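Colleague: sequence and predicted model, in that order:
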Amino acid sequence: HPPTAQTFKFDQRTFQLVLLTIGNSNMSSYLKTVTAKLLQGNVKECLLDWSLNPTAITTVANALKERTIEVYDKLASVEQPSWANTGQVLADHELLDYVVSSTVTFPKNVSPDKEVRDSCTEAAKLLSAVEVEQASRYDVYQTFQKLADAAPTLGPEQQRLLDRIMRDYRRKGMHLDEDKRNQVLELNKRCSELSIQFAKNLADENTKLHFTPAELQGVPDDFMETLTKDEQGDTLELSLSYPHVLPVLRMCTVVSTRQAMEEAFNSRCKDSNAAILEELVSLRHQIAQLLGYPTHAAFITEIRMAKSPDHVATFLDDLSAKLQPLQAAEMAEMVAMKNAELGEASDGVIHAYDFSYYRYKIEKERYEVDHEAIKQYFPLEKVTQGLLEIYQELLGLKMAEVKNAPVWHEEVKMFEVKNAEDDALVGYFYIDLHPREGKYGHAACWGLQPSVKLAEGRMVPVAALVCNFPKGTPDKPSLLPHSDVETFFHEFGHGMHQLCSKAELTRFAGTRVERDFVELPSQMLENWVWEPEALARMSGRLSDGKPLPDELVEKLLAARKANAGVNNQRQVLFAKFDQYIHSQEKVDLAATFAEYAAKIQGIPVTPGTNFAASFGHLAGGYDAQYYGYLFSDVYAVDCYESQFKGDIFSPQAGMAYRTKILQPGGSKDGMDMLRDFLGREPDTTPFLRSKGLEA
């Protein structure tokens, strides 16, 4: 059936909405439900539907595509642009698109059904392509240019959106001649397709390795018990997921086993994704050149806090130089350990398959940090309980599990979040914590429904926290190493950013801030897992419920700066590699990474591997922006030490953080939010001190 356009008036503004009537009754029902809820002007529920089958997903995606085209057709036809008939129309479309797109694309990361994942991947390609195409229409650009030229009186967020729209049109080449505009469009569409395929290849990666128990010597028994045996019972099966890879690389004393695991891990998707990323690098460079930028890195950093590749390079070079003496001492200690362990069999070189092993060994032997002993105090259920308590107290919230909520897998839980003060509903979040085949392989948080202002109230936000923590057995619950506790705390911080945001418009909702600012809120909150008071709340030994004892806490805290030189230099390596390849016309990823790893980290890569083929950040939105992890950490440490150190549960500081950092979303510039929260200009000294360095 053809789409039916209807116009609804709410609160002195026009809500343009296309109600799409389509053949499949389920899909017609779903779209009508979402649109009807939006038109009520006050959404207090999660509008996402996880029950859609592959056919339904395709149907909804196609319907949303048609709706998108119709909205842009309407925008192009406007003769006398006003905010109501242009800016608000686009803002309303972005809201509906956000929710419906989440329903038909997010399951590609988490669904246990491969057909659903494949359908969602195709839906993502379809919707991304149509969005790239429609957002690059010259006729719509002309409509918005007329609106901008008219300089209407707008509210702060409306003006910010109009400014962003015009900025983005310039960055899509709307100021260029038609031939160049079309070139930019086609290149952007190709980049979109490649990025989605890169992620799909990683998610579908299912290599299995088999080792005998003797070949896994040094790996904990409780880990071995979780592994599947082959039919003969002679070998154990391991995947290339983090819960399998990390224990082997950190603790297995059999060199050949670590070699095999590291080589396989850093060879993931090398035959498919290396070519994809090399093409992406070339396409991004072509786009930058067409738009008048010398490099893709220059194009990207222009609208980030860093502002330019030169600023990024200065920051990374300065940090790297300060880290080098510390790094050299730590590498020398690793070599000495290897020589002592292997004797004449040692070649005196720390290889890629040695790196995690000897880092772990330093923590255990020099700092006497027994991570296996510490892990016994962090059952996942206890950690989750403590984490929720801390976030609730700090941010003035109440959280409760929603029983029998619709979810995409039986292990997933949904929580409702309310204000502690007035019981007002804040939003919802999901947690999906264990690995399974086809699931996204890292830790991440997705915003699924935005917090935005509606005619009669607000839409409440929804987030999904996706991790890959070790799964327990019927006899023994899941136990987390302290590093996973830190990861959990970090990703949960992103979830709270999504939920506590109160921007008016979808474009600025939740974590939609500068890429080199977005990690700051979560990085700051990582500090709580290094505080004795917080650790006491999150720990409870399986056998007797006792919290992590003072002796182990002291050793853990003393070891916080262990390997600070090599660990931070590794982040510098990734950031510099990212900046370099995105400053080139074309690149050999394997050769370039090998060169940078040897020069910056002093560790040779294993021949035949290609780390970049599984470096998902570079195809997933962090291109030329990986430096942001270190860059935002500068500000995160300053926020923590100046506002929370010494009183980590201060409700006043917590509420100031919620209102001044989380609540604005992207409606303000990151640096302005920082200055507001700190009451001064940011200071780099605490960051350097936290890395074991002097300013």
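Modeller: Okay, I see it.
Colleague: other SSEs contacting the lengthiest helix in the chain?
Modeller: Among the elements of the chain assigned as helix by DSSP state H, the one spanning the most residues is helix 309-342. Helix 309-342 is packed against helix 296-301, helix 352-365, helix 564-581, helix 628-643, with contacts defined by 3 or more C-beta pairs under 8 Å, 6 or more residues apart in numbering; DSSP states H and E. Just so you know, the C-beta spots here come from the backbone N, C-alpha and C atoms, and that holds for glycine as well.
Colleague: deepest-packed of these, please.
Modeller: helix 296-301 (a mean of 24; mean count of other C-beta atoms under 10 Å).
Colleague: and that one, C-alpha only, in PDB?
Modeller: Presented in PDB, the C-alpha positions along helix 296-301 are these (Å, rounded to 0.1, in the frame of the first residue of the first chain):
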ATOM      1  CA  HIS A 296      41.500  12.200   6.400                       C
ATOM      2  CA  ALA A 297      43.100  12.900   9.800                       C
ATOM      3  CA  ALA A 298      42.800  16.600   9.100                       C
ATOM      4  CA  PHE A 299      39.200  16.200   8.000                       C
ATOM      5  CA  ILE A 300      38.300  14.300  11.200                       C
ATOM      6  CA  THR A 301      40.100  16.300  13.800                       C
END
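Colleague: number the residues from 30 up from this point.
Modeller: Yes, from this point I'll number from 30; that puts the last item at helix 325-330.
Colleague: and the contacts of it?
Modeller: Contact with helix 325-330 is made by 200, 310, 313-314, 316-317, 320, 322, 336-338, 340-341, 608, 611-612, 652-654, as judged by C-beta atoms under 8 Å, 6 or more residues apart in numbering.
Colleague: which residue is nearest the centroid of the protein?
Modeller: What sits nearest the mean C-alpha location of the chain, by C-alpha atoms, centre = their mean, is residue 473, with 4.4 Å.
Colleague: what residues are bridge-paired with that residue?
Modeller: For residue 473, the beta-bridge assignment (DSSP bridges) gives partners residue 495.
Colleague: what residue ranges in the stretch 30-179 of the chain score low on pLDDT?
Modeller: Along the stretch 30-179 of the chain, the parts satisfying pLDDT under 70 run over 30-57.
Colleague: at 90 what do you get?
Modeller: Counting by pLDDT under 90, the stretch 30-179 of the chain contains low-confidence ranges at 30-70, 92, 96.
Colleague: leaving out chain neighbours, which residue sits closest to residue 533?
Modeller: Once flanking residues are discounted, residue 533 sits nearest to residue 482: 4.1 Å by C-beta to C-beta, 6 or more residues apart in numbering.
Colleague: before we move on, what about residue 405?
Modeller: residue 570 (5.6 Å).
Colleague: related to what we said a few turns ago, TSV for the helices and strands packed on helix 338-371, including mean pLDDT and distance to residue 518?
Modeller: Below are the helices and strands packed on helix 338-371 laid out as TSV (pLDDT from 0 to 100; distance: least, C-beta to C-beta, whole Å):
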stretch	mean pLDDT	distance to residue 518
helix 325-330	98	28
helix 381-394	96	19
helix 593-610	97	18
helix 657-672	94	13
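Colleague: CSV for those helices, including distance to residue 165?
Modeller: As requested, these are arranged in CSV below (distance: least, C-beta to C-beta, whole Å):
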stretch, distance to residue 165
helix 325-330, 16
helix 381-394, 42
helix 593-610, 25
helix 657-672, 26
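Colleague: for these, which one sits closest to residue 273?
Modeller: Relative to residue 273, the nearest member of the helices and strands packed on helix 338-371 by C-beta to C-beta is helix 381-394, separated by 13.3 Å.
Colleague: hang on, the earlier thing: helix/strand/coil for the residue nearest to residue 533?
Modeller: State at residue 482, reduced to three classes by DSSP: H, G, I helix; E, B strand; the rest coil: strand.
Colleague: what separation do you get for it and residue 71?
Modeller: Separation of residue 482 from residue 71 (C-beta to C-beta, to the nearest Å) stands at 10 Å.
Colleague: more neighbours: those two, which one.
Modeller: Using other C-beta atoms under 10 Å as the criterion, residue 482 and residue 71 rank with residue 482 on top: 18 against 13.
Colleague: pLDDT score for that one?
Modeller: The confidence metric pLDDT takes the value 95 at residue 482.
Colleague: what is it paired to in the beta sheet?
Modeller: According to DSSP bridges, the residues that bridge with residue 482 are residue 487.
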